[in-house]
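K.L.:
What shape does this take:
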Amino acid sequence: MLVDARGHRCPVPTLRLRRALEAAPAGARVRLLADDPLARIDVPHFAAQIGAQVLEQTEADGTLSFLVVRA
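P.N.:
Sure, this is the predicted structure:
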């Protein structure tokens, strides 16, 4: 599943990720795209809070990409 939150400021990217993870079955992977620099901090913190795991975090051309797996 892909969540494209580019163009939105935090906490919107994290909130969209939360909705996607809540709707996904356990073990599902969700990729979040964001361009707010605060997402570097917010997304890993949020994932840790809910027991999800950030499998991959990359940045290219100002876009942050997170691959998160639901516990």
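K.L.:
most distant residue from the middle of this structure?
P.N.:
residue 61 (17.5 Å; Cα atoms, centre = their mean).
K.L.:
what about that residue, distance to residue 24?
P.N.:
For residue 61, the distance to residue 24 (Cβ to Cβ, to the nearest Å) stands at 27 Å. (Each C-beta comes from the backbone N, C-alpha and C, glycine too.)
K.L.:
One more: residue 57?
P.N.:
Taking Cβ to Cβ, one finds residue 57 at 19 Å from residue 24.
K.L.:
My guess is residue 18 contacts residue 46. True?
P.N.:
Yes. Counting by Cβ atoms under 8 Å, residue 46 is a contact partner of residue 18 at 7.0 Å.
K.L.:
Need the residues touching each of these two.
P.N.:
The contact sets of residue 18 and residue 46 do not overlap (Cβ atoms under 8 Å, 6 or more residues apart in numbering).
K.L.:
Which one's more surrounded, those two?
P.N.:
Taking other Cβ atoms under 10 Å, residue 18 and residue 46 do not tie; residue 46 has more neighbours (22 against 18).
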